[in-house]
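Q: task: produce atomic coordinates for the following.
(2 chains)
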Number of protein chains: 2
Amino acid sequence: MRNLDFSITIVGLGLIGGSYAMALRELNPKNLWAIDVNEESIQYAEVKGIIDKGYIDANIPLKQSDIVIISLYPLDAVKFIKNNIGNFKKGAIITDVSGIKERIVKEVEVFIPDYLDFVAGHPMAGREASGIGYASKDIFKNANYIITPTDKNKKENINIIKKLAYDIGCKNVIEVTPELHDKYVAYTSGVPHIIAASLMNSDSFDNEKSYFVGGSFRDATRVALINSSLWTELFVLNKENIVRELEEFQNNLAELKEAVKNEDTIGMKKLFDKAGKKRSELK
Amino acid sequence: MRNLDFSITIVGLGLIGGSYAMALRELNPKNLWAIDVNEESIQYAEVKGIIDKGYIDANIPLKQSDIVIISLYPLDAVKFIKNNIGNFKKGAIITDVSGIKERIVKEVEVFIPDYLDFVAGHPMAGREASGIGYASKDIFKNANYIITPTDKNKKENINIIKKLAYDIGCKNVIEVTPELHDKYVAYTSGVPHIIAASLMNSDSFDNEKSYFVGGSFRDATRVALINSSLWTELFVLNKENIVRELEEFQNNLAELKEAVKNEDTIGMKKLFDKAGKKRSELK
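A: Residues are numbered from 1 along each chain as shown, chains lettered A, B, ... in the order given. The predicted structure follows:
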C-alpha cells in the first residue's frame, strides 16, 4: 500500500538528509530520490536501499518532485534553491532542515516564484557525528519539529509538511515565526554548544582528570563533539541572538561567582533553588 | 559465608549513606549499623532490611565498629567525628564521602588520636535527588572513587577502604592528595553545576520554549536539580578553586563570544575543533 502519494527528493545525503530518507522509506512514497555532489553517498544510499535513485544532476529528479527536502548547510540551501529555481516542478513544496530560519526565509522569499512554496522547517534532531554513515530513521523519534511558515505559504502545504514530520516519528510539530525560532534556539541550543566547547577548552582539562569526571561534566560537554563548519555558519547567521543570550548567561554566571567569592550562602542557595525549580518544571 | 569480617556503621542515612548501606548489605558484613538523627530514616532502613539496626545514640554502635563511614555534609562530618572522638573503637578506620577534602582532612588531623585512622574518600556518585528514598546500591556501579590518604594513614587501612570501594562496584579507585582532589573537582564537577544553574536562571527560560529544547540543553542543565544546601557548603569550602576555574571558563566563553561577534569564522572553527578533539579524547 502506498502511504504517501508524492515523489520526494532529498537534497544532501548527510546525517539529517540520510536519516530523513530512511524515515520516509518506511512511509512508502511514490518515488524517493536524492541529490548529492558526492557519488559515494549516492551509491551508499542506493545500495542500502535508502533511496530509489540518487542524482548528481539536480535537474532530473527536481522536475518530477512534489516535495523537495533541502538538507544542506543554511547558505548552501539558499544557493541550491536559487540556482535550481527553474528546475522545480510547478506546485512543488520545498522545505529545509537548517537551524537558522529568518535569514533563509527572507532570502528565499526574494526570488521564489508564486508557483513554488517554501515552507521552512527545523527538526530538533541530531547526533554528535556527521555523514550518512551515522544516519538513522530513529533520530526523529519523539523529537520536536519546528516549522516557520509565513503568510505566503499555502495552508494545505503547511499541513503536508506537518503531517510528514509526525509521520517520520516526531512528537510535536510547532509553528512559530522565523524570528522567534532564531531567538529561542539561540538560548536552547546555541548557548549549550558554546558552553560545552568553552568548558572543554579550559587549560584545566587533561586526561589525568578523567577519573574525576562524573556525569555532570560528561553531560555538559557531550555536544563539544561539534560539526564545527556547520555550527560556525549557524552562529554567524544568528549572531545577534547568540550574543544576547550568551550575555544573559554570562550575567547569571557572574552573579553566582560573586556569591561564591563573597561566601554569600543565602544568595547562593536562593540562586540554586531558583534554578532547581525551573529545571524541575522543564517538560 | 561472611565476606567482610567487619562491623560497619554508616553515619547519615541520606542518598549516599543509604546507597552505601545497600551496597554493603550485599557484601554480608559482620554487623551493619547506622546512625541518624532522623527516626524515620532509621525505621525505613530497618524495615527494608538495608541495615541490621539503626541508632540515634551514636555511642552504642561506634564503640563496636571497625569501620565508620560518615555520610554527612562536610562540616557536619568534622563535627560528628570531633563530638564523638571518645566513642570510637580503638583501631577503627573512619572514612567520609564528601566532595571537599583539604579542609576536612586538615581539621580532623588536629584532634584525631593515634589509635584512630581517618582515610578520607569521595565516591564520584550521586543523583539529582536526596534522601534514603532515592538510595540504590547501583549508584556506585562503574563510578570512580577518590581517596585522599596522608602520611598519617596506615597502608593496611588505605587498602581496606580501597577494597571496599571496589567491592561496592566502583570501577576505579584513585589516590590523590586532598589539595589536588579539590582543585580537580572544582573543574570537573563544581563548574558544570554552576553552569547548569546559570543557564536555567536565564530570563530567556520559560516553559513555552520547552519545544525548542533538545538534548544539548537538557544535558547541560540536568544537574541544576541541585541539593542547594549541600552544594552551597561545598562551594564555600572550595572557594578559591571554584572561582579560579570559573574564571578560566569565563575567559574561554568570552573568547568564543568575541569570535561570534566579529564573525571570525576561522577563529571560531579553530576553537570548536580544539574542543571537539579534547572531548573525543575524554575516556
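Q: quick one: the strands in the stretch 51-200 of chain A?
A: Under the criterion DSSP state E, counting those that start in this stretch, strands of the stretch 51-200 of chain A are mapped to A:53-55, A:67-70, A:93-96, A:117-118, A:121-123, A:144-147, A:172-175.
Q: pLDDT on the fourth one, on average?
A: Within the predicted structure, the mean pLDDT of strand A:117-118 is 98.
Q: could you do the last one as well?
A: On average, the pLDDT along strand A:172-175 is 96.
Q: output the contacting helices and strands for that strand.
A: In this structure, strand A:172-175 packs against strand A:144-147, helix A:155-167, with contacts taken as 3 or more C-beta pairs under 8 Å, 6 or more residues apart in numbering or on different chains; DSSP states H and E. For glycine as for every other residue, the C-beta is placed from the backbone atoms N, C-alpha and C.
Q: and what of the shortest one?
A: Contact here means 3+ C-beta pairs under 8 Å, 6+ apart; on that basis strand A:117-118 packs against strand A:93-96, helix A:102-111.
Q: returning to what we had before: would a markdown table of the helices and strands packed on strand A:172-175 with mean neighbour count and distance to residue B:111 be doable?
A: Below are those laid out as a markdown table (neighbours: other C-beta atoms under 10 Å in any protein chain shown; distance: least, C-beta to C-beta, whole Å):
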| stretch | mean neighbour count | distance to residue B:111 |
| --- | --- | --- |
| strand A:144-147 | 23 | 57 |
| helix A:155-167 | 17 | 66 |
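Q: nearest to chain B among these would be which one?
A: Smallest distance to chain B across the helices and strands packed on strand A:172-175 (C-beta to the nearest C-beta): 4.8 Å, for strand A:144-147.
Q: what about the closest one, near chain B?
A: Yes: contact of strand A:144-147 with chain B is found when judged by C-beta under 8 Å from any C-beta of the partner chain, involving A:144, A:146.
Q: what does that strand contact?
A: The contact list for strand A:144-147, computed with C-beta atoms under 8 Å, 6 or more residues apart in numbering or on different chains, reads A:95, A:101, A:119-124, A:158, A:161-162, A:165-166, A:170-176, A:181, B:211-214.
Q: I'd like to know which of these are buried.
A: The neighbour count (16 or more other C-beta atoms under 10 Å in any protein chain shown) marks A:95, A:101, A:119-124, A:158, A:161-162, A:165, A:170, A:173-174, A:176, A:181, B:211-214 as buried among these.
Q: check contacts around residue A:268.
A: Residue A:268 neighbours (C-beta under 8 Å, 6+ apart): A:256, A:259-260, B:228, B:232, B:235-236.
Q: so where is the stretch 1-150 of chain A shaky, pLDDT-wise?
A: Applying pLDDT under 70 to the stretch 1-150 of chain A flags residues A:1-3.
Q: could you pull out the helices for it?
A: Per DSSP state H, counting those that start in this stretch, the stretch 1-150 of chain A carries helices over the ranges A:15-25, A:39-47, A:59-62, A:74-83, A:102-111.
Q: the last one packs against which elements?
A: The helices and strands touching helix A:102-111, judged by 3+ C-beta pairs under 8 Å, 6+ apart, are helix A:74-83, strand A:117-118, helix A:178-185.
Q: now do it: everything it contacts.
A: By C-beta under 8 Å, 6+ apart, the list of residues contacting helix A:102-111 from outside reads A:74, A:77-78, A:81-82, A:85, A:96, A:98, A:118, A:120, A:148, A:150, A:152, A:178-179, A:181-182, A:237.
Q: rerun at 6 Å
A: Applying C-beta atoms under 6 Å, 6 or more residues apart in numbering or on different chains, the external contacts of helix A:102-111 come out as A:74, A:78, A:81-82, A:118, A:120, A:178-179, A:182, A:237.
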